[in-house]
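coords below, sequence missing:
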């Protein structure tokens, strides 16, 4: 799972059910230190961590990608059914159906692929998602990273700047805030705290994708911090263009879009673009619901 902490492993099993087809099972706890349930709903970013773990598992056990290889997201899309996220009296047992496509091989080892997933709970659809990613051997990854050593990069990461206020992003703990203020209202500096026990439970040489997804969620809250309840991401489409490095500021810019009406309420929409050293490192479009009204 590319996790150091056993407690952060969400998957409980897997099976191959056909050509490039798999199933996986996961269990979501009723409470989590970082993916905090709000208003009786599981956090949709817990789904994203499940997607990350599922793609990692199937790459290794289903396609025999060696454990030393590095897996890197290129695109992530998901849409959730908020009603299926309600917390019940026991942890949520989630069943995932996975199909793989666009598989490119080099010397019998996949170097890129896409996975399409449907997650269900007690027979009810929870979410649909897809993820595209690449696989790099240690030698290739060293060339991509200009030979820099992971431990050295991680140890030399700068201290994070002071965060925006807790109320701005709907987070109670300073450590969980991933945005720092700037002089512009809809522009923030990405706040990277490498001591965070969930986002960084082992040494990395770049900012992880899950932190970037959290920055999109927090940016959506910061656009309208006076909203009644927690911001619940109901869909995201995120493209990852470059590695986000520790050694230079990464700027997060949000652009509110016209809201849309659905059968279950209004959905706010934003676009987020992140730049570092003058390059676009990732961009996202997302829809959100106010959890207080679900």
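Yep, it's here. If you're wondering where the values come from, they're calculated on a predicted model, not measured in any experiment.

how about the residue lying closest to residue 198 once chain neighbours are set aside, what does it touch?
Computed as CB to CB, 6 or more residues apart in numbering, the closest residue to residue 198 that is not its neighbour in sequence is residue 34, at 4.1 Å. (C-beta placed from N, C-alpha, C; glycine too.) By CB atoms under 8 Å, 6 or more residues apart in numbering, residue 34 lies in contact with 176, 196, 198, 199.

Correct me if wrong: the last one contacts residue 208.
Yes - under the criterion of CB atoms under 8 Å, residue 199 makes contact with residue 208 at 6.2 Å.

count of neighbours near the residue nearest to residue 14 when sequence neighbours are not counted?
With sequence-adjacent residues excluded and distances taken as CB to CB, 6+ apart, residue 14 is closest to residue 24, at 4.6 Å. Residues lying near residue 24 (other CB atoms under 10 Å) number 24.

With residue 216 instead?
25.

Check the one 5 residues further on too.
The criterion is other CB under 10 Å. On that basis, residue 221 has 19 neighbouring residues.

you'd agree it is in a helix?
Yes - counting by DSSP: H, G, I helix; E, B strand; the rest coil, residue 221 is located in a helix.

Identify the residues contacting it.
Contacts of residue 221 by CB under 8 Å, 6+ apart are 168, 169, 170, 227, 230, 231.

can you count the residues close to the fourth one?
Taking other CB under 10 Å as the neighbour definition, residue 227 ends up with a count of 17.

which residues does it contact?
Applying CB under 8 Å, 6+ apart, we find residue 227 in contact with 221, 290.

Bridge partners for residue 283, pull those for me.
Going by DSSP bridges, residue 283 is paired in beta bridges with residue 239, residue 273.

Give me the below-cutoff pLDDT ranges for the chain.
228-229, 263-264 (pLDDT under 70).

where does residue 59 land in three-state SS?
Secondary structure, three-state DSSP: residue 59 is helix.

which non-adjacent residue is nearest it?
Per CB to CB, 6+ apart, closest to residue 59 is residue 65, 4.5 Å.

now swap in residue 236 and tell me
In space, residue 236 is closest to residue 286, 4.4 Å off (CB to CB, 6+ apart).

who's in contact with the one you found?
216, 217, 220, 233, 235, 236, 237, 269, 270, 271, 272.

I'd say the fifth one and residue 76 touch.
No - in this structure, residue 235 sits apart from residue 76 without contact. The criterion is CB under 8 Å, and the distance is 11.0 Å.

Which one's more surrounded, the two?
Neighbour count, other CB under 10 Å: between residue 235 and residue 76, residue 76 has more, with 24 against 19.

contacting residues around the more buried one?
Applying CB under 8 Å, 6+ apart, the residues contacting residue 76 are 48, 51, 129, 130, 131, 132, 209, 213, 236, 237, 238, 240.
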